[in-house]
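J.: mind looking at a prediction? Sequence and model below.
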Amino acid sequence: MLSLWLPRLPTDRIKRQLAKTLLVEAVIGSREDGASSRPELFDGATIVVARQNNALQIFALDDAAAHLGLATGLPLANARAICPEVQVYDADEAADTAAQNAIADWCDRFTPLVALDPPYGLFLDITGCAHLFGGEATMMQLVCGVLTAQGFAVSAAIAGTAVCARTLTRHVHGRIVRDGEEAGAVRPLPISALGADAAVVTGLRRAGLKTIGEVADRGRHEITARFGAGFTTLLEQALGQGDAPISPRQPLPDYIVEKRFAEPVATEAVISATLSGLAVRLIEAMAKQGKGARRLEARFFRTDGAVRTITVDTGQAVTRGEVIDRLFRERLEALSDPLDPGFGFDFIRLSASHTEIVVQQQRDLDANMHDNDELAALIDRIAARIGGKRVVVHLPQDTHIPQRAVLAAPAQYHLAAATQAVWPARVVGEPPLRPLRLFERPEQIKVIAEVPDGPPARFVWRRAAHAVVRAEGPERVAMEWWRAGSAVLTRDYFRVEDEEGLRFWLYRNGLYDREIEQQEGKVVAPNWFMHGLFA
């Protein structure tokens, strides 16, 4: 397990952002000599403050501020008294989390099993992949070297357990601990390196236990009785006597193929050719186990650390490389934000995160089978361009509630169900009982009825008056009280037609003199709503 810790992430992020801003200003000619117009931003100490306990306190700081005696939790007023020229910035935890996630995305090039270790830490499960980068030591030097070049202070360690590696990064950089040597590596470290609660650390120090080794020498039952089983488990994992799996940010794909480049590539032709080659390799790997891809993901790793991900879903299991190539071409052409290679991509990965067993079917004599395949391929291409959620099919639902009678589902995953769905048969020569499309929210209208519980005689909708010449109904619909959680009113639906031949579907909310409450001995007039229009 490779543990990374970025102790200065907030200040490093701010400095990187300022450096990019100044670089852009220089490029667009804000200054003819290209020099920084605000050099003081990079000189001296830098701190990040946040409001805690109704006071501005130091939330994070850089090495220069630490050398001056500043520390997290120190009030801003005290910090200014110690160092009047200190650079102060507001804390932005969302931006820090985004930067941490971006670094985690970049680390995916080494292993797909990357987990966050808040605050400002990462876990990389490098089991079985360290030899691809020249061994554990070379791999750790590569990761730390790139992050340092990007402007991040980083500490790293490798151990058999995540907790042991994490503990080492807090006080030792570059340590590699072999299996069985975890206890000897962490024994001289202070208790605070374990990352336990501050109350636990304070209690141990008051008891005279300052190092992990001193705590490890005490009986486990004593430690558990005083500080809880959680701390005992943490201690055992640091000593290598127990382990717990990490929680990767993303599930491990079923199949992965990738291509590394000695020199970064930036041309569209090379990128497309690489995707085509990876698609063929991916299909060959899946074919050995008789599987096809339902969800494909292409990741493009830029030399500057940025990562771009493109995902494509399919309605049926894909077993041909040219289909994958065509879908990704459609997706790339439809991107509102074009795939920016920057200074080039040095690594491209294609993975199948969702696969299915391919079932062989008779296709030569079944014309409907060919039609379904062509329809599924068309849906995949449209979904690749505009998104899978925008291509839907409608499925009937077993309910009498009008707005719930039809479910709009993604066509790629429910095409077979849509082709086999059974809809209520329409009576020949009779108008439809319900309109094809309903309003998302019924609109309230003003109605004049000849009798309180009868059909409307006139109504006003959207400031226009309509005289009813024909009315059919009511169709009484009782709401699903077990879903609403409270008493809901019964609806009486009417199909009405006005003098101009326009047909409407409206309802009265509540039964007259039964469900509608009385005020001052008089029944309140029910509310009417417009729910849909007939063609």
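T.: Done, it's in.
J.: all contacts plus neighbour counts: C-alpha atoms, from now on.
T.: Noted.
J.: sheet partners, orientation included, of the helix or strand encompassing residue 352?
T.: Per DSSP states H and E: residue 352 is located in strand 345-357. When pairing is defined by DSSP bridges, strand 345-357 lines up against strand 255-265 (antiparallel), strand 291-302 (antiparallel).
J.: from residue 310, how far out is residue 387?
T.: Per CA to CA, to the nearest Å, residue 387 is found 12 Å from residue 310.
J.: please disregard the earlier target; I meant residue 262.
T.: From residue 262 across to residue 310, the span is 23 Å (CA to CA).
J.: between those two, which one's more packed in?
T.: Legend: neighbour count by other CA atoms under 10 Å for residue 262 and residue 310, higher for residue 310 (15 against 7).
J.: just the pLDDT for that one.
T.: Residue 310 is assigned a predicted lDDT (pLDDT) of 91.
J.: over to residue 524?
T.: 69.
J.: low pLDDT regions in the chain?
T.: 27, 29-43, 336-337, 360-371, 484-487, 513, 516-524 (pLDDT under 70).
J.: change it to 80
T.: Filtered on pLDDT under 80, the chain yields the residue ranges 22-44, 334-339, 359-373, 426-427, 429-431, 452, 480-488, 512-525, 535.
J.: what sits up against the helix or strand following the strand holding residue 352?
T.: On the C-terminal side of strand 345-357, the closest following helix or strand by DSSP H and E is helix 367-386. Taking CA atoms under 8 Å, 6 or more residues apart in numbering as the criterion, the residues outside helix 367-386 that touch it are 312-316, 327-328, 330-331, 333-335, 363, 388-391, 411-412, 415.
J.: again, 10 Å this time
T.: Helix 367-386 is contacted by residues 311-316, 318, 323, 326-335, 361-364, 387-392, 410-413, 415-416, 419 when judged by CA atoms under 10 Å, 6 or more residues apart in numbering.
J.: restricting to C-alpha, output it in CSV.
T.: Output of helix 367-386 as CSV, limited to C-alpha atoms (Å, rounded to 0.1, in the frame of the first residue of the first chain):
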residue,chain,number,x,y,z
ALA,A,367,-36.0,-10.6,-39.5
ASN,A,368,-37.3,-9.1,-36.2
MET,A,369,-34.0,-9.9,-34.6
HIS,A,370,-32.1,-7.9,-37.2
ASP,A,371,-34.6,-5.0,-36.8
ASN,A,372,-34.0,-4.9,-33.1
ASP,A,373,-30.2,-5.0,-33.6
GLU,A,374,-30.4,-2.0,-36.0
LEU,A,375,-32.7,-0.1,-33.6
ALA,A,376,-30.4,-0.8,-30.6
ALA,A,377,-27.4,0.4,-32.7
LEU,A,378,-29.3,3.6,-33.7
ILE,A,379,-30.2,4.3,-30.0
ASP,A,380,-26.6,3.8,-29.0
ARG,A,381,-25.3,6.3,-31.6
ILE,A,382,-28.0,8.9,-30.6
ALA,A,383,-27.3,8.4,-26.9
ALA,A,384,-23.5,8.8,-27.6
ARG,A,385,-24.2,12.3,-29.1
ILE,A,386,-26.9,13.7,-26.8
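J.: so how far is residue 227 from the residue nearest to residue 192 when sequence neighbours are not counted?
T.: Nearest residue to residue 192 in three dimensions, chain neighbours excluded: residue 201, at 6.3 Å (CA to CA, 6 or more residues apart in numbering). Taking CA to CA as the criterion, residue 201 is separated from residue 227 by 10 Å.
J.: which one's more surrounded, the two?
T.: When residue 201 and residue 227 are compared for neighbours, residue 201 comes out ahead with 20 against 17, by other CA under 10 Å.
J.: what's near enough to touch residue 263?
T.: The neighbours of residue 263, taking CA under 10 Å, 6+ apart as the test, are 303, 344-347.
J.: turn those residues into a markdown table, including distance to residue 69 and neighbour count.
T.: Listed next are those as a markdown table, based on distance: CA to CA, whole Å; neighbours: other CA atoms under 10 Å:
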| residue | distance to residue 69 | neighbour count |
| --- | --- | --- |
| 303 | 37 | 19 |
| 344 | 42 | 18 |
| 345 | 43 | 24 |
| 346 | 42 | 19 |
| 347 | 43 | 20 |
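J.: residues near residue 127, how many?
T.: Applying the criterion other CA under 10 Å, we find 13 residues in the vicinity of residue 127.
J.: swap in the one 10 residues further on?
T.: Counted with other CA under 10 Å, residues neighbouring residue 137 total 16.
J.: which stretches of the stretch 401-535 of the chain form strands?
T.: Listed in chain order, the strands found in the stretch 401-535 of the chain under DSSP state E, counting those that start in this stretch are 406-410, 438-449, 456-461, 464-477, 491-498, 503-509, 518-519, 522-523, 527-533.
J.: just checking, what packs against the first one?
T.: Just to be clear, that refers to strand 406-410. Secondary structure elements in contact with strand 406-410, counted by 3 or more CA pairs under 10 Å, 6 or more residues apart in numbering; DSSP states H and E, are strand 392-396, helix 411-419.
J.: right, so of these, which gets closest to residue 172?
T.: Closest approach to residue 172 among the helices and strands packed on strand 406-410 (CA to CA): helix 411-419, 50.7 Å.
J.: got the contact list for the closest one?
T.: Helix 411-419 is touched from outside by 294, 313-316, 372, 375-377, 379-380, 383, 388-396, 408-409, 421, with contacts defined as CA under 10 Å, 6+ apart.
J.: going through these, which ones are buried?
T.: 294, 313-316, 376-377, 379-380, 383, 388, 391-395, 409 (16 or more other CA atoms under 10 Å).
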